[in-house]
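Student: How does the following fold in three dimensions:
(4 chains)
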Number of protein chains: 2
Amino acid sequence: MFKENHTTCKNCSCSWSNFKNLTDEQLDLINTNRFPANFKSGEIIFKQGSPTSNAVFLSSGIAKIYMEGYDGKNIILAIVKPGSLIAGPGTYVDNRHHYSLAALTETSACFIDMRILKELVHENSMFAEGYLKDLSQKSLGTFHKLVSFSQKKMHGRLAEGLIHLADDIFNSDKYNCHMTRQELGEFTGMTKESVVRLLKEFHDEEIIHLNDHTIEIINKPKLEKIMISG
Amino acid sequence: MFKENHTTCKNCSCSWSNFKNLTDEQLDLINTNRFPANFKSGEIIFKQGSPTSNAVFLSSGIAKIYMEGYDGKNIILAIVKPGSLIAGPGTYVDNRHHYSLAALTETSACFIDMRILKELVHENSMFAEGYLKDLSQKSLGTFHKLVSFSQKKMHGRLAEGLIHLADDIFNSDKYNCHMTRQELGEFTGMTKESVVRLLKEFHDEEIIHLNDHTIEIINKPKLEKIMISG
DNA sequence: TAATAGTGTTGATATATATCAATTTTAGTT
DNA sequence: AACTAAAATTGATATATATCAACACTATTA
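Tutor: Numbering: from 1, shown residues only, chains lettered A, B, ... in the order given. The predicted structure is shown next:
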């Protein structure tokens, strides 16, 4: 089912902040070399191990970036929202994706030839700097996650995850996270059973409201306290 | 005790691979704007939270990059060897270091004004690309660590750490790691007591030889097996 | 409509690992 | 050489969290 999502990159309301550093011609170059595609919930957009021939620009929907770990266990590195350009760091290392990207909702994305982006990095130093900025930002996010995973207990990690989704992804204290308990576990570093038990605990203590995949934070100060101390 | 380590960057035998992308004048610019300094084992080179006014080039010695986590618990992100440029990702985000750097042995380093490096990123697109490459590589390392920390058990993590030190840092199966048990724990995500017990276990099973801070891997296939399965 | 597979839930149990406390060893300092 | 402080070691115990197993609930498909 092919669906045209927007005619040009220029009009795309949710364009990557770094695209602002491009000239009109440069943006045009991307515009003529992009391949839009639509994905249904659950579909894989690109797969760990595959060549990084294209970067993916997410124009609508929510997706998960995840690594396939040992014996089938995944770890969700990040949830991405529209306006993100996902160009795996493997691009500049071994031309392989080191993580997979999959849609959590109906999603529309554009594939952009990585060679074009690399060319633009060479031609436009502001764009290169923006790219560095983007990569740095993501890098810091991973550091944070590493500390959180290795030093916080489940309660703290779940609280942190829920707050992060509210503040940085959905911009609301009530949101449909579009993740199964299993995925919430992969996101916060615990088993699905533990997610169920903790969510129930938070619910019983009136910190959150639960309705299937919809989470509403009703006592944020308390949740923040758990995030910090736990 | 000031000690002159080498007269110019050009002659510095262990220069950062990305410096090769600079012209002679550009390298000169760095050369005239660097501040060499020497550190004793244990001394902090820069501190988490401080401004990223300078990047640090490690010209000799071994150092640790570590994050200060919750209630005084650290996590060692990486061990760095001569030839590395350490410019925290905070440089392009909030101008703050998000981790600390401390010497594990006598160390000589050069401080390089970050403004110069940023300028060079603008002037020289090959340098910018090299910078992106470096950052990407480090990013992948962190991803790997995240998976390892969240999915492997202690045995596997310790085995992985020991092999990484042998293969990527010291280039020998026998090395002085210059880390206390506490630090080895911060490096592999466990307590110092666990490090002691596991090292003894590996020793008893004749996988490694131990002599204070010197570790010799004597049964690498077995250690690799533990790294993969554990 | 039945059937199957995925998801959520609950409770019982196992286990990896941290914590605590005590002791020994090592290294650095007066 | 004596003294201190830090590091290493060891054993006993606590605890967080995973694992396992059973069952309920959707939701899709045959």
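Student: Check the offset of stretch A:12-21 from the chain's centre.
Tutor: 17 Å (C-alpha atoms, centre = their mean, to the nearest Å).
Student: Name the residues that touch it?
Tutor: By C-beta atoms under 8 Å, 6 or more residues apart in numbering or on different chains, the residues outside stretch A:12-21 that reach it are A:6, A:9, A:27, A:30, A:57, A:59-60, A:82-85, A:124, A:126-127, A:129-131, A:133-134. Just so you know, the C-beta spots here come from the backbone N, C-alpha and C atoms, and that holds for glycine as well.
Student: What of stretch A:212-229?
Tutor: A:155-156, A:159-160, A:162-163, A:165-166, A:173-180, A:202, A:205-210.
Student: try 6 Å this time
Tutor: Residues from elsewhere that reach stretch A:212-229 (C-beta atoms under 6 Å, 6 or more residues apart in numbering or on different chains): A:155-156, A:159-160, A:163, A:166, A:173-174, A:176-177, A:207-209.
Student: ChimeraX command to pick out the buried ones of the residues you listed?
Tutor: With 16 or more other C-beta atoms under 10 Å in any protein chain shown as the criterion, this ChimeraX line picks the buried residues out of the contacts of stretch A:212-229:
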select /A:155,156,159,160,163,166,173,177,207,208
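Student: Return the closest of the contacts of stretch A:212-229 with respect to DNA strand C.
Tutor: residue A:177 (9.7 Å; C-beta to the nearest atom of the strand).
Student: mind listing which of the contacts of stretch A:12-21 are in helices?
Tutor: Judged by DSSP state H, helices contain the following of these: A:27, A:30, A:126, A:127, A:129, A:130, A:131, A:133, A:134.
Student: so which of those residues is the most crowded?
Tutor: The residue in those with the most neighbours, by other C-beta atoms under 10 Å in any protein chain shown, is residue A:131 (27 neighbours).
Student: list the contacts for it?
Tutor: Contacts of residue A:131 by C-beta under 6 Å, 6+ apart are residue A:121.
Student: I'd like to know how far it sits from residue B:162.
Tutor: 35 Å (C-beta to C-beta, to the nearest Å).
Student: With residue A:147 instead?
Tutor: Distance of residue A:147 to residue B:162, given as C-beta to C-beta: 23 Å.
Student: More neighbours: which of the two?
Tutor: Higher neighbour count among residue A:147 and residue B:162: residue B:162, with 27 against 21, using other C-beta under 10 Å.
Student: so the more buried one sits in a helix?
Tutor: Yes. According to DSSP: H, G, I helix; E, B strand; the rest coil, residue B:162 belongs to a helix.
Student: Quick check: it vs DNA strand D, distance?
Tutor: 14 Å (C-beta to the nearest atom of the strand, to the nearest Å).
Student: re the thing from before, reformat the contacts of stretch A:212-229 as CSV; add distance to chain B, pLDDT and secondary structure.
Tutor: Formatted as CSV, these follow (distance: C-beta to the nearest C-beta, whole Å; pLDDT from 0 to 100; DSSP: H, G, I helix; E, B strand; the rest coil):
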residue, distance to chain B, pLDDT, secondary structure
A:155, 13, 97, helix
A:156, 8, 97, helix
A:159, 13, 98, helix
A:160, 11, 98, helix
A:163, 16, 98, helix
A:166, 21, 98, helix
A:173, 25, 97, coil
A:174, 29, 97, strand
A:176, 26, 97, strand
A:177, 20, 97, coil
A:207, 20, 97, coil
A:208, 23, 97, strand
A:209, 28, 96, strand
